[in-house]
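Peer 1: This is the structure alone, sequence omitted:
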């Protein structure tokens, strides 16, 4: 952590003990632990939820559950967060932390392809957090937009992709191409208003018009 990151960390609200443990266990036990949202982005997600006051949240890409727990913390007691993860090997790891959280009862876990599962859930969402397979970001976006209420919000993570989106060395990388297709399409989409926040790995905030 460099000096500026330390400054941001030290002057933000502290990380809860359970989330700190989840972060540590993810780094010890899971491949590619940097996929975890982490303290600062997690607190931002929680505060977004508190500001927007959604009733139904959809998360695509549970990973080990850090972001789900952060958003659930911001939800009202009668709110529901559906989180979908394609990797069944992560299911019990995330579930073990959901069970220990006072907000875990707000979370519904689903294992499988979001493109198959989400259309079967049967209701409209107020907030969607996209953080799954980068190669299918655009397909995922097109699937969830009709399921988002008018005035609802979509957050898409990793939309700067370590700067690879502007680096010609990654012009044939499929994940980079997936992000670029998504960024180009949403930039032209008149159904939404949007802004890319240059925090961490890029976070795009979109509002359905």
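Peer 2: Right, received. Where do you want to start? For clarity, every value in this text was computed on a predicted model and none was experimentally measured.

Peer 1: For this protein, just list every one of the strands.
Peer 2: 56-60, 80-85, 107-111, 125-130, 148-157, 192-197, 203-208 (DSSP state E).

Peer 1: Point out the most buried one among those strands.
Peer 2: For the strands of the chain, the largest average neighbour count (mean count of other CB atoms under 10 Å) is found in strand 56-60, namely a mean of 26. All C-beta atoms are positioned from the backbone trio N, CA, C, and that covers glycine.

Peer 1: For that strand, which strands pair with it and how are they oriented?
Peer 2: Note on strand 56-60: by DSSP bridges, its sheet partners are strand 80-85 (parallel), strand 125-130 (parallel).

Peer 1: As TSV, the strands of the chain with distance to residue 15 and mean pLDDT would be great.
Peer 2: Shown next, in TSV, are the strands of the chain (distance: least, CB to CB, whole Å; pLDDT from 0 to 100):
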stretch	distance to residue 15	mean pLDDT
strand 56-60	19	98
strand 80-85	20	98
strand 107-111	19	97
strand 125-130	19	98
strand 148-157	19	97
strand 192-197	20	97
strand 203-208	18	97
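
Peer 1: give me the number of residues near residue 16?
Peer 2: 17 (other CB atoms under 10 Å).

Peer 1: give me every residue that touches the closest residue to it other than its chain neighbours.
Peer 2: Excluding its sequence neighbours, the residue lying closest to residue 16 (CB to CB, 6 or more residues apart in numbering) is residue 73, at 7.9 Å. Going by CB atoms under 8 Å, 6 or more residues apart in numbering, residue 73 touches 16, 46, 49, 101, 103.

Peer 1: related to what we said a few turns ago, tabulate the strands paired with strand 56-60 in JSON lines, adding columns for distance to residue 188.
Peer 2: Converted to JSON lines, these look like this (distance: least, CB to CB, whole Å):
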{"stretch": "strand 80-85", "distance to residue 188": "27"}
{"stretch": "strand 125-130", "distance to residue 188": "18"}
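
Peer 1: Tell me which of those strands approaches residue 67 most closely.
Peer 2: strand 125-130 (6.6 Å; CB to CB).

Peer 1: can you give me the angle the closest one makes with strand 203-208?
Peer 2: Counting by axes from the mean of the first three to the mean of the last three CA atoms, to 10 degrees, strand 125-130 points 150 degrees away from the direction of strand 203-208.
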